[in-house]
Structure formats: structure tokens, C-alpha cells
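Participant: compute the structure for the input listed below.
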Amino acid sequence: MTIGPRGDVAHLGHAELLTPVPEESLAFFTGLLGMTVVAETRDAWYLRGHGDYERYSLKLAASSRSGLGHMALRASSPVALERRVAWLKSAGADGSWAEPEAGKGPAFEYRDPDGHPCRIYYETEKYVAPAGSRPAMKSNHQRYLGRGANVRRLEHVNLMAADVRGCREFWETGFGLRTYEIIRRADGGEDGAWLSSTIQGHEVIYVRDYTGGRGRLHHLAFWVDSREEVLRTADIMSDAFVPIEAGPSRHIPIQGFYLYTREPGGNRIEVCSGGYLWFDPDENPVVWTAEEYAAKPGWGARLPETFRTYGTPPLDA
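Facilitator: Take a look at the predicted model:
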């Protein structure tokens, strides 16, 4: 398999999340996660973590169902954007250009092999804190607000797929993303793959959809600065009577510290910290057999059965 040119994708830019209860979902992200609304329309809000350099990293949109509206990657230059769009067209991927939105774009819209909606863009509006909200440290983008979990940024998007290997190879070949860890079965099929355009251990994750669904979201993950803040988030969720699905605990792949809940619209949300950075430019991915992964090396409670089956939109939607 040919690996695409590295460097054309700068990083994961943002995600659009669909919710059937938009006002309740907005209260979750602002009050409990501590995000800030920077723009809004009649049926959507654009939110940021306090460490985002772009204007926003989450678009929250009213919808009749839950799930992923789209996932967006930022290209590293206008020429890099042209190259990736040319590759998509040469690979036969249907796509079209979307108009700029809340300071980002234009963006090229397309779908991954499992049907998840994706975008790639370059032009972006850098966030400038308004007067009275500027941080003391000029290298920070926003004043630390001390509200809720105080998430810093969108950390990764986890997608469910029928063919994990096919999706992984799509991003490797077409976009130059690196794969850091894989769960591989004896028959050669894959149950999980962790990919990134940076030295961060993951930006895009695929896990096997055991239910037969397509194009579903497993979760969005938001970063906090320490494991202690993940634990504090558990207290925040508990006092808000938000059920904790899993954690706090430590993952096997990437070794991140995690907590999983579901926002009012039904979408699974992770608050995370820790994990490793991968500096070696030519190291091969870490490959776990299904049996090795099931043995759960390390520590922490096992993930619940819902972690293998639940995604959004629900299958009955």
C-alpha cells in the first residue's frame, strides 16, 4: 500500500455534532464542559475550548437525530488543500465545495469509505479574545474561565465502521495520516485503528461497528490538562446527575486517561488527558491481537458492553 504525502494535513479542525434537544445539549457543553459560544445561527452554535487557536472546534446543530454532522481537517497550505482534493477526485470520491462557515473555509465535502461526512479546508479565522477577556500570557488564546471541566480543545473523533482496515487505508493513502496502533484479528480484519496527522497519538479513530450500522459516531473527545481534571470532571458530572458510562480509567491504545458520558442529545462524549507523543518518524504501528487486547494489560475497569454496540444515530433512527 502506498502512503500518501505527510504534511498536507495540519490537524483535526472541528466536528459538527447533531442533537434533537439543542438547548439541553448547549447547556451541557457550556455549563459542564466549560466551552464558550462564539457565534450562532437560528439552529446552530459554534463553540470553542479555551486553548483553541481557531475560532471554534465544535459546531452544535439542531437536528431530528443525533450523530455526526461532519468532521473537518485543516490542510497545511492552499496547495496542500488542492492536492488532497485532486486525490479525492482521482479516487472517485463524490464531493463538492461548501461555502465558508463561521470563519472557516471554503471546504471540500466528501465521505469516507463507511459513509461518514468529512471536510477539508485551509482558510480559517484565528481567535482574538475580546477586550476584557484577554489572557495574561500572550501565548494563550483565551483567558482561563474556571467553568465546568474547562476543556482545552477537541482531541479526537472516534468513528464506527464496518471495514476498519479500509477506512484506515483511505486516510493513509489519500491524506498521509500515520497509524499508531491497530487491533487486528487472526483473519486479517481489524477491530480498531488509531490515526493522526501529528505526533499526538490519535486524531481520528475507527472501531468496528458490531451491529452492522454504517456512518455512525462512537464519540467526540475533549482534552483537559491533567488526569486530576478528568477526576474533577467525574465529580462535576455526578453532581449534575449525568450518568458516567465508563471511567475514570486508562486506555490500552495511546494510554490516555478517560471519562465517558453522554450529552443530552444522546452522543457519547469523552473527557481525556495523558497519552503519548510519537516522535519517531518511521516506526511501525503497534499491533495488538484481539486476544491481547481482550486481556487488558495495565490497569482499570473493563469497558462496558455498550462500548461495543452503542453509537449515534441509534440503529432504529
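Participant: helices or strands up against the helix-or-strand element of the chain with minimal mean pLDDT?
Facilitator: Each helix and strand of the chain was given a mean pLDDT (mean pLDDT, DSSP states H and E); the minimum falls on helix 290-294 at a mean of 87. Using 3 or more C-beta pairs under 8 Å, 6 or more residues apart in numbering; DSSP states H and E, the elements in contact with helix 290-294 are strand 178-184, strand 190-196. Just so you know, the C-beta spots here come from the backbone N, C-alpha and C atoms, and that holds for glycine as well.
Participant: most tightly surrounded among those?
Facilitator: Greatest average neighbour count among those goes to strand 190-196 (a mean of 24), per mean count of other C-beta atoms under 10 Å.
Participant: list the contacts of residue 161.
Facilitator: Counting by C-beta atoms under 8 Å, 6 or more residues apart in numbering, residue 161 touches 112, 113, 114, 116, 167, 206, 207, 208, 209, 214.
Participant: 7 Å instead, please
Facilitator: For residue 161, the contact set (C-beta atoms under 7 Å, 6 or more residues apart in numbering) comprises 114, 167, 206, 208, 209.
Participant: now residue 192
Facilitator: Contact criterion C-beta under 7 Å, 6+ apart gives 164, 182, 183, 206, 207, 208, 253 as the residues in contact with residue 192.
Participant: quick one: pLDDT of the spatially closest residue to residue 188 that is not a sequence neighbour?
Facilitator: Setting aside the residues directly before and after it, residue 188 is nearest to residue 165 in space (C-beta to C-beta, 6 or more residues apart in numbering), at 7.6 Å. Among the per-residue scores, residue 165 holds a pLDDT of 96.
Participant: pLDDT on the helix or strand just after the least confident helix or strand of the chain, on average?
Facilitator: Next along the chain after helix 290-294, taking DSSP states H and E as the criterion, comes helix 306-309. Averaged over helix 306-309, pLDDT sits at 90.
Participant: isn't the residue nearest to residue 188 up against residue 187?
Facilitator: No: proximity of residue 165 to residue 187 does not meet the contact threshold set by C-beta atoms under 7 Å, at 10.8 Å.
Participant: tabulate the helices and strands packed on helix 290-294 in TSV, adding columns for distance to residue 225.
Facilitator: Listed next are the helices and strands packed on helix 290-294 as TSV, based on distance: least, C-beta to C-beta, whole Å:
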stretch	distance to residue 225
strand 178-184	22
strand 190-196	19
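Participant: out of those strands, which comes closest to residue 283?
Facilitator: For the helices and strands packed on helix 290-294, proximity to residue 283 was assessed by C-beta to C-beta; strand 178-184 is nearest, at 8.6 Å.
Participant: with mean pLDDT and distance to residue 284 added, can I get the helices and strands packed on helix 290-294 in a markdown table?
Facilitator: Formatted as a markdown table, those follow (pLDDT from 0 to 100; distance: least, C-beta to C-beta, whole Å):
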| stretch | mean pLDDT | distance to residue 284 |
| --- | --- | --- |
| strand 178-184 | 95 | 9 |
| strand 190-196 | 95 | 14 |
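Participant: nearest to residue 143, of those?
Facilitator: The stretch from the helices and strands packed on helix 290-294 with the least distance to residue 143 (C-beta to C-beta) is strand 190-196; that distance is 29.0 Å.
Participant: and the next element down the chain from that closest one?
Facilitator: Moving toward the C-terminus from strand 190-196, the next helix or strand (DSSP H and E) is strand 204-208.
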